[in-house]
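Peer 1: Structure for this input, please:
(chains A and B)
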Amino acid sequence: MIRTRFAPSPTGYVHLGNLRTALFAYLFARHEAGVFILRVEDTDQSRYVEGAVENLLRTLEWAGITLDEGPYLDANGKLAEKGQFGPYTQSKRLSIYQKYVAELIAKGGAYHCFCTAERLENLRTEQQLNKLPTGYDGLCLKTTSPEEAAKRIEQGEKYVVRLKMPRSGETIFTDLIRGEVRFKNELIDDQVLLKSDGFPTYHLAVVVDDHLMEISHVIRGEDWISSTPKHIQLYRYFGWEIPEFGHVPLILNSDKSKFSKRQGDVAAEQYQSRGYLPEALVNFIAFLGWNPGDERELFNPEELCAEFKLDHVSKAGAVFNLEKLDWFNREYLKRMNPGELVRRAKPFLATTYIPLDNEMLLTKAVALEQTRITTLSELGPAINFVFQLPEYPPTALVWRKSTSEQSLKILTELIPLLNTISVQDWQTVLIEARIKAWIGEQGYNNGEVLWPLRVALSGQEKSPPPFEIAAVLGQQESIHRVETALAKLQG
RNA sequence: GGCCCCAUCGUCUAGUGGCUAGGACACCACGCUUUCAAUGUGGUAACACGGGUUCGAUUCCCGUUGGGGCUACCA
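Peer 2: Model prediction:
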């Protein structure tokens, strides 16, 4: 049984890099008919953020990443957990880690360390000065016997527990994405496993939990690759089966450094609030490092689940490119049926003066701008003219190859024409047919008629075609707007 | 500094020893057109470098260079 997990630290927002790692783990599990788990890695007390887990869950839900096990929000919005391997929150598992640390010490895989922060710091600077690899020198392992350590702990002395890395040999593993990776053991630090506050570090907690939760494939960011030998050593000491590892490449800033807050919008929530569709964002980040092996690019969530394979994940990092995201978003927007688009757009329209009760008109208005917008947040400003004619100067009504007098004449003649169209003929194509025919009869050209008409109807120099606007507005309002334009031209 | 990872158009990428090195975004030109989009057609643009291996390397090996990650009682 394939079991993967997403194990973020609850920081208050979901970093896009983490979201993509989660997505890969999720897609892999789904593709293999496996199980996908969320585990909250909150072992750093100083990083505690109120409401972070709730936010995390809402964001994953928005992105369409569904969880089989782990925390979830119940009907009342309260935090709950599902699954047989809980708790899925590390701060609730402290006694578990204590137990395994004791076991590890007993097995000779770890030891107590009483060194002060000052000594550690001096040690590091000295090592760096002498161009030596940095790392703990094993002082407490050499000088403090288990009996003495027990005594010092008894007396209330602060301590940490460190991993006892073998001083020789190599740790070799085959990464699912990168192939064989090897490290010399002597260069690997005796990592702290249990902090002096009694909390485990990532390295201990991740191994204990991945084992206990029966994770078969550890899919995580490339930045973890150097600590993998420490984790493997832990599995060995415990005598546990070592899972498969897959280290996915990083998302990069345009200068190729790790995608960061400083250089861009890294929080998934920012894209949500700016009106990106989750399926577009997911499609986009999936393609940052993955491809189906052919030239298709548009994959909805179901298609991603069906096609995603780890062997098409690339090794190199990928630069985040907002323009490509915009393109994906436009593609999804264009393909969406108007009713659905209205439903999705409503949260963004709620902050505008656009009335949301007239579903019919709203749907027509939205359809008008559907192919012209990039994000949902652009929709409100784009369709606002339908509900409220914007202020505009009379000069806007004059086409660049025409005159004010000519525009006045044409708009005046247009009113009776518009009036002769019957109610049932008030549709885009029929309005267009009538007006174009009339233009022909009169010997006008399109520009000198359609420009002033369009501006009269929209109040804007840039807008959809006049026939579409007229159809949305209705006959009465359309004529009214042309009359308003006439009044403006007459001064 | 040490260790590790990586390297095809500006960006995301296909390629798996023999191709005019393909696609997408972006960009440019033209077409359509009342405007802005959308759309159609076409175009500019890449195998980091040096050695091997081979009849033949973008592709395999080594090195160089470059970039990145890690190097905490943070994840």
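Peer 1: Could you use CA atoms for every contact and neighbour count after this?
Peer 2: OK.
Peer 1: what's the neighbour count on A:Arg262?
Peer 2: Residues lying near A:Arg262 (other Cα atoms under 10 Å) number 8.
Peer 1: Would you quantify the distance from it to RNA strand B?
Peer 2: For A:Arg262, the distance to RNA strand B equals 12 Å [Cα to the nearest atom of the strand, to the nearest Å].
Peer 1: Which of the three states applies to that residue?
Peer 2: coil (DSSP: H, G, I helix; E, B strand; the rest coil).
Peer 1: Can you pull the phi/psi pair for it?
Peer 2: In terms of degrees, to the nearest 10, the main-chain angles of A:Arg262 are phi -60, psi -40.
Peer 1: Tell me the secondary structure at A:Trp81.
Peer 2: Actually, residue A:81 is Glu rather than Trp. Following three-state DSSP, A:Glu81 is assigned to strand.
Peer 1: Tell me the spatial nearest neighbour of it, not counting adjacent residues.
Peer 2: Using Cα to Cα, 6 or more residues apart in numbering and skipping residues adjacent in sequence, the residue nearest A:Glu81 is A:Pro71, 4.1 Å away.
Peer 1: quick one: contacts for the one you found?
Peer 2: A:Leu38, A:Arg39, A:Leu57, A:Leu79, A:Ala80, A:Glu81, A:Lys82, A:Tyr88, A:Thr89 (Cα atoms under 8 Å, 6 or more residues apart in numbering).
Peer 1: which residues in the stretch 201-350 of chain A form helices?
Peer 2: For the stretch 201-350 of chain A, helices defined by DSSP state H, counting those that start in this stretch occupy the ranges A:202-212, A:228-238, A:268-273, A:278-286, A:301-307, A:322-335, A:338-349.
Peer 1: Any chance of these in TSV with mean pLDDT and mean neighbour count as columns?
Peer 2: Formatted as TSV, the helices of the stretch 201-350 of chain A follow (pLDDT from 0 to 100; neighbours: other Cα atoms under 10 Å):
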stretch	mean pLDDT	mean neighbour count
helix A:202-212	98	19
helix A:228-238	97	19
helix A:268-273	97	18
helix A:278-286	98	23
helix A:301-307	96	16
helix A:322-335	97	17
helix A:338-349	94	17
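Peer 1: can you put those helices in a markdown table and add distance to RNA strand B?
Peer 2: Formatted as a markdown table, the helices of the stretch 201-350 of chain A follow (distance: least, Cα to the nearest atom of the strand, whole Å):
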| stretch | distance to RNA strand B |
| --- | --- |
| helix A:202-212 | 4 |
| helix A:228-238 | 9 |
| helix A:268-273 | 16 |
| helix A:278-286 | 8 |
| helix A:301-307 | 14 |
| helix A:322-335 | 4 |
| helix A:338-349 | 15 |
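Peer 1: All the strands of chain A, in order from the start?
Peer 2: Secondary structure of chain A (DSSP state E): strands at A:3-6, A:35-38, A:70-73, A:79-82, A:110-113, A:160-163, A:170-175, A:179-184, A:192-194, A:217-221, A:244-248, A:251-252, A:318-319.
Peer 1: same for the fifth one, what does it pack against?
Peer 2: Packing contacts for strand A:110-113, counted by 3 or more Cα pairs under 8 Å, 6 or more residues apart in numbering; DSSP states H and E, involve helix A:94-106, helix A:139-143, strand A:160-163.
Peer 1: Looking at the ones you listed, spot the one closest to RNA strand B.
Peer 2: Taking Cα to the nearest atom of the strand, strand A:160-163 is the member of the helices and strands packed on strand A:110-113 nearest to RNA strand B, at 5.6 Å.
Peer 1: what pLDDT, on average, does that closest one get?
Peer 2: Average pLDDT, strand A:160-163: 96.
Peer 1: what packs against that strand?
Peer 2: For strand A:160-163, the elements it packs on are strand A:110-113, strand A:192-194, judged by 3+ Cα pairs under 8 Å, 6+ apart.
Peer 1: re earlier: now the helices of the stretch 201-350 of chain A as CSV including distance to A:Ile153?
Peer 2: Below are these laid out as CSV (distance: least, Cα to Cα, whole Å):
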stretch, distance to A:Ile153
helix A:202-212, 21
helix A:228-238, 24
helix A:268-273, 45
helix A:278-286, 49
helix A:301-307, 52
helix A:322-335, 54
helix A:338-349, 57
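Peer 1: sorry, back to before: name only those of the contacts of A:Pro71 that count as buried.
Peer 2: The neighbour-count test (16 or more other Cα atoms under 10 Å) marks A:Leu38, A:Arg39, A:Leu57, A:Glu81, A:Tyr88, A:Thr89 as buried among the contacts of A:Pro71.
Peer 1: which residue is nearest the middle of chain A?
Peer 2: Ranked by distance to the mean C-alpha position of chain A (Cα atoms, centre = their mean), the top residue is A:Ala268 at 3.4 Å.
Peer 1: show me the contacts for the closest residue to A:Glu391 other than its chain neighbours.
Peer 2: Distances taken as Cα to Cα, 6+ apart place A:Gly459 nearest to A:Glu391, at 6.7 Å, with adjacent residues excluded. For A:Gly459, the contact set (Cα under 8 Å, 6+ apart) comprises A:Phe385, A:Leu389, A:Pro390, A:Glu391, A:Tyr392.
Peer 1: Show me what the one helix or strand in chain A whose mean pLDDT sits lowest is packed against.
Peer 2: None of the helices or strands of chain A scores lower by mean pLDDT, DSSP states H and E than helix A:117-129, at a mean of 87. With contacts defined as 3+ Cα pairs under 8 Å, 6+ apart, there are no secondary structure elements packing on helix A:117-129.
Peer 1: Give me the buried positions along that helix.
Peer 2: A:Leu123, A:Arg124.
Peer 1: where does the stretch 301-450 of chain A come near RNA strand B, residue by residue?
Peer 2: Neighbours of RNA strand B within the stretch 301-450 of chain A, by Cα under 7 Å from any atom of the strand: A:312-321, A:323-324, A:327, A:371-373, A:399, A:446-448, A:450.
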